[in-house]
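Asks: give me the fold of what follows.
(chains A and B)
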Amino acid sequence: MAKPIFQRPKGTADLLPQQTEQWQHVEGIARLLFGDYGFKEIRTPHFENFDVFSRSAGDTSDVVTKEMYDFYDKGDRHMALRPEGTAGIVRAYVENKLYGPEFDKPYKAFYIGPMFRYERPQAGRFRQFHQIGAEAFGAVSPALDVEIIAMAVDFFKTLGLKNLKVAINTLGDKTSRDAYRQALIDYLKPHFDELSHDSQERLEKNPLRVLDSKDPKDQIFVADAPSILDYLTPESQNHWQRVQELLTALDLDFEVDTSMVRGLDYYNDTIFEIMTADESLKGSATIAGGGRYSGLVEQFGGPETPGVGFGIGVERLIGLLEAQHVTFKNDNDLDFYVVNIGDDTDTIATQIVQAIRSYGYMAERDYLARSPKAQFKSADRGHAKFVVTIGEQELANHSAKLKNMLTGQQLDVKLADLYTDLPTIITTEAEEE
RNA sequence: GCGGUAGUGGUGAAGUGGUUAACACACUGGUUUGUGGAUCCAGCAUGCGAGGGUUCGAUCCCCUUCUACCGCCCCA
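Replies: Below is the predicted model of the structure:
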């Protein structure tokens, strides 16, 4: 028995034709739909200078501290495989001066591609995974936040997903968040000893993280913790208000979840997640996450430019589609199968399949000199609509047999007609049924 | 990074410290030697993730390792 010598790297997957069809379908819809919203595709490198990610994501974020897939190249440059899409897009935005006056604002871009995170694989979590994301730069309007959310929801609905939940929250602007952060620390400090070990650490580094702790010990305190909503500056309050009004105006259901926090440090004001209410995918229920950010473009050397965006996890999305049995029909059935009998018919069989394909039909043949029976079985497995049979006799007569696999009827066809008039032959054949 | 469960053919799987590793599906061939989806017959793991060890003997026991899955952390 053959044993494979190599295995694919941990946490990666081979996508086989059975899967790639679904992937292409999903990606195709994204391209089409995002285009309707005025988003154009940007493709950036799959790896960047390490600092592109470490600076944008925040030095304390887990993505940077332990999940970065980084390496030193032969020129001793510290590089990293992109863990998410936004940083690369922002880098490209600045480097290509897309903030220039010749471009409309907001500048809208989307991306589709692999992302890498060095972590322990599980269902719905891989070392190489894929995201479909969108970013819009250069407008602070809450209408843009809402458009981004609406576009993601539109995308999922177009794919046929059900049971979606949109959760939104605001992180406020920097002033709001600093005030809130302090309030949170003041509130939690007295209970320090009663918090979970993880949360004790979070309190120092990123107190907001305590809010979405799953530990019951923490949740007791989280329930009565101060809310960010009470610390918003008037501007942030306004923005937050307006986002909700606009979502409501679009009849888009949402839930406010004030305990929601995002993993990357650059977010402010609106943040959101789209998840499934299905029980089936517990660990990977969140299929999209995003929000508004500011300061990123400046950090990369560009002019002060706000941005909003989201990232969708393709593996999780497709997992959900499967769980919900959302199917899409893909016609892979063969139009023709060419059965050839005897060594002398190999050449003519080659000519016939090519001729059939030149009409745009899907055609297949046998390459293994198998018995007619075996070839018919292949035809059947490919759900061929017609079988063209050519043997010594037919070859001598310059003809072939054409069998309708549905009706089982078979007739003789002149080879000349087959080459020149195939579509007519099969439509006539169909009408005779 | 931590904790746990698992790993038998193309697939789903049964199984035991000891001569030929069930069964099913799939596949291949045959069943009037040129025709499909049915039936019947036959074939199909020198091997039980990999590497060591214990043993007269291991797929079954022990160790290591790899991978997958689950939980934590975190996230898409």
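Asks: which regions of the stretch 1-150 of chain A sit below the pLDDT cut-off?
Replies: Applying pLDDT under 70 to the stretch 1-150 of chain A flags residues A:1-3, A:58-65.
Asks: which positions in the stretch 201-350 of chain A make contact with RNA strand B?
Replies: Counting by CB under 7 Å from any atom of the strand, the stretch 201-350 of chain A comes close to RNA strand B at A:202, A:209, A:212-215, A:261-264, A:273, A:282-284, A:286-289, A:311-313, A:315-316, A:339, A:341. Bear in mind the C-beta positions are built from the backbone N, C-alpha and C, glycine included.
Asks: domain parsing for chain A?
Replies: A:17-173+A:233-323, A:336-431 (automatic domain parsing).
Asks: any of the residues of the stretch 201-350 of chain A next to RNA strand B buried? List them.
Replies: Among these, the ones that count as buried by 16 or more other CB atoms under 10 Å are A:202, A:209, A:213, A:261-262, A:264, A:273, A:284, A:286-289, A:311-313, A:315-316, A:339, A:341.
Asks: against A:Val339, how distant is A:Ala13?
Replies: As judged by CB to CB, to the nearest Å, A:Ala13 and A:Val339 stand 37 Å apart.
Asks: apologies, that question was intended for A:Glu235.
Replies: Distance, A:Glu235 to A:Val339, using CB to CB: 74 Å.
Asks: residue contacts, the nearest residue to A:Leu208 once chain neighbours are set aside?
Replies: In space, and not counting its chain neighbours, A:Leu208 is closest to A:Val261: 4.7 Å by CB to CB, 6 or more residues apart in numbering. Counting by CB atoms under 8 Å, 6 or more residues apart in numbering, A:Val261 makes contact with A:Asn169, A:Leu171, A:Leu208, A:Arg209, A:Leu211, A:Asp212, A:Ile271.
Asks: stretch A:105-119 close to RNA strand B?
Replies: Yes - applying CB under 7 Å from any atom of the strand, one finds stretch A:105-119 touching RNA strand B at A:Arg117, A:Glu119.
Asks: how far does that stretch sit from the chain's center?
Replies: Relative to its chain's centre, stretch A:105-119 lies at 10 Å (CA atoms, centre = their mean, to the nearest Å).
Asks: and stretch A:395-413, by the same measure?
Replies: The answer for stretch A:395-413 is 46 Å, by CA atoms, centre = their mean.
Asks: is any part of that stretch close to RNA strand B?
Replies: Yes - for stretch A:395-413 and RNA strand B, the contact criterion (CB under 7 Å from any atom of the strand) is met by A:Lys401, A:Lys403, A:Met405, A:Leu406, A:Gly408, A:Gln410.
Asks: so what does the fourth one look like in phi/psi?
Replies: Spelled out, that is A:Leu406. Main-chain torsions, A:Leu406, degrees, to the nearest 10: phi -80, psi -50.
Asks: also the last one?
Replies: Geometry field for A:Gln410 lists phi and psi as phi -130, psi 140, criterion degrees, to the nearest 10.
Asks: hmm, A:Glu394 and it touching each other?
Replies: No - counting by CB atoms under 8 Å, A:Gln410 does not reach A:Glu394; the two are 11.6 Å apart.
Asks: comparing these two, which shows the higher neighbour count?
Replies: Higher neighbour count among A:Gln410 and A:Glu394: A:Glu394, with 20 against 14, using other CB atoms under 10 Å.
Asks: contacts only, for that one.
Replies: If a contact means CB under 8 Å, 6+ apart, then A:Glu394 has A:Ala400, A:Lys401, A:Asp412 as its contacts.
Asks: mind listing which of the residues you listed are in strands?
Replies: Applying DSSP state E to the contacts of A:Glu394, the entries found in strands are A:Ala400, A:Lys401, A:Asp412.
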